[in-house]
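In: Could you look at this predicted model? Sequence included:
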Amino acid sequence: MRPIAKWIPHRALYNFGKRYVDFMWPIFKFNRRFFSPFRANRLNWRLLIPDYTSEGLDEEKLKEWAYLDFFDMLSPKYDRPIRMKTLYRFLEEAGLENVETNPGYNGWEGRGIKK
């Protein structure tokens with residue numbers, strides 16, 4: 001979606017995202033009711049319905065965060081996500097030792113020791 005969405009004016013993309021999340025919200029709730037939390041979360045994210053149920057938010061806040069994150073996922077023109085193993089390789093190529101990569105709050109985290 002991002003290759004197309006990044007060319008849509010931001011106001012139009014945000015408005016579309018609100019309508020999309022509103023339209024998909026019954027599916028979001030269905031997934032939350034009938035699937036395990038892990039599976040529901042994965043399904044919702046794949047349907048581009050950001051799911052922060054694990055944060056303990058009420059439904060109004062969940063929906064507000066979904067609007068914002070839908071926009072944040074699709075609006076960046078220059079964001080190029082990489083795989084964790086690519087980050088690992090970059091850190092090794094930078095000359096770091098004892099390299100570690102892990103899932104982080106908003107992507108991957110990497111550490112190493114400078115030689």
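Out: Perfect, I can see it now.
In: Quickly find the element holding residue 71.
Out: For residue 71, the element it lies in under DSSP states H and E is helix 59-74.
In: Which pLDDT value goes with the closest residue to residue 52 other than its chain neighbours?
Out: The shortest distance from residue 52 to any residue other than its chain neighbours is 5.1 Å, reached at residue 65 (CB to CB, 6 or more residues apart in numbering). All C-beta atoms are positioned from the backbone trio N, CA, C, and that covers glycine. pLDDT, residue 65: 95.
In: And for residue 5?
Out: Taken from the predicted model, the pLDDT recorded for residue 5 is 89.
In: Contact partners for the residue nearest to residue 52?
Out: Residues near residue 65 by CB atoms under 8 Å, 6 or more residues apart in numbering: 50, 52, 57.
In: From residue 85, how far out is it?
Out: If you measure residue 65 against residue 85 using CB to CB, to the nearest Å, the figure is 30 Å.
In: Then residue 72?
Out: Residue 72 is 25 Å from residue 85, by CB to CB.
In: do residue 109 as well
Out: Summarising the geometry, the distance separating residue 109 from residue 85, computed by CB to CB, is 14 Å.
In: go on, residue 38?
Out: Distance, residue 38 to residue 85, using CB to CB: 23 Å.
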